[in-house]
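K.L.:
Dropping the sequence and predicted coords here.
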Amino acid sequence: MFRFYYKNSCLWSQTKHKCIGLPRGSVLSACLFNVYINDQPSPHSRKFIHTGNICLRTQGQTFSKITEILNTDLEKIADFNKLRN
């Protein structure tokens, strides 16, 4: 069981209890995250994944071409994740 709370300005919530999921940093969390992300679509850009973040890197002749490539890749990843949730 995990305990958590949140802060809004100067006010703290009551402690809440969570009985599902895995704590961040556990060995099993990393394994399950790798299973989750390894079937992400392959974008045109180079994809780097580290600790829950996905970074896309690409090259192009013009700024507008780079923007076009990145936007297309982001849409592909967003559409894929909409289907999973």
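P.N.:
Thanks, I have it.
K.L.:
Give me the below-cutoff pLDDT ranges for the protein.
P.N.:
Residues of the chain that meet the criterion pLDDT under 70 lie in 1-6, 18-21, 23-24, 37-38, 50-52, 85.
K.L.:
Which strands and helices lie in contact with whichever helix in it runs longest?
P.N.:
Secondary structure of the chain read by DSSP state H shows that its longest helix is helix 63-84. If you count contacts as 3 or more C-beta pairs under 8 Å, 6 or more residues apart in numbering; DSSP states H and E, helix 63-84 packs onto strand 53-57. The way it works is simple: take the backbone N, C-alpha and C, and place the C-beta from them, glycine included.
K.L.:
CA atoms only: put the strand it packs on into CSV for me.
P.N.:
Taking C-alpha atoms only, strand 53-57 is exported to CSV below (Å, rounded to 0.1, in the frame of the first residue of the first chain):
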residue,chain,number,x,y,z
ASN,A,53,10.3,10.4,-21.1
ILE,A,54,10.4,10.1,-24.9
CYS,A,55,12.6,12.5,-26.8
LEU,A,56,12.5,12.8,-30.6
ARG,A,57,15.5,14.1,-32.6
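K.L.:
Pairing partners for it, with directions?
P.N.:
strand 46-50 (antiparallel) (DSSP bridges).
K.L.:
Buried residues of the partner strand, list them for me.
P.N.:
Across strand 46-50, burial judged by 16 or more other C-beta atoms under 10 Å covers K47.
K.L.:
ok now that strand, how far from the chain's centre?
P.N.:
Remark: strand 46-50 is offset 11 Å from the chain centroid, using C-alpha atoms, centre = their mean, to the nearest Å.
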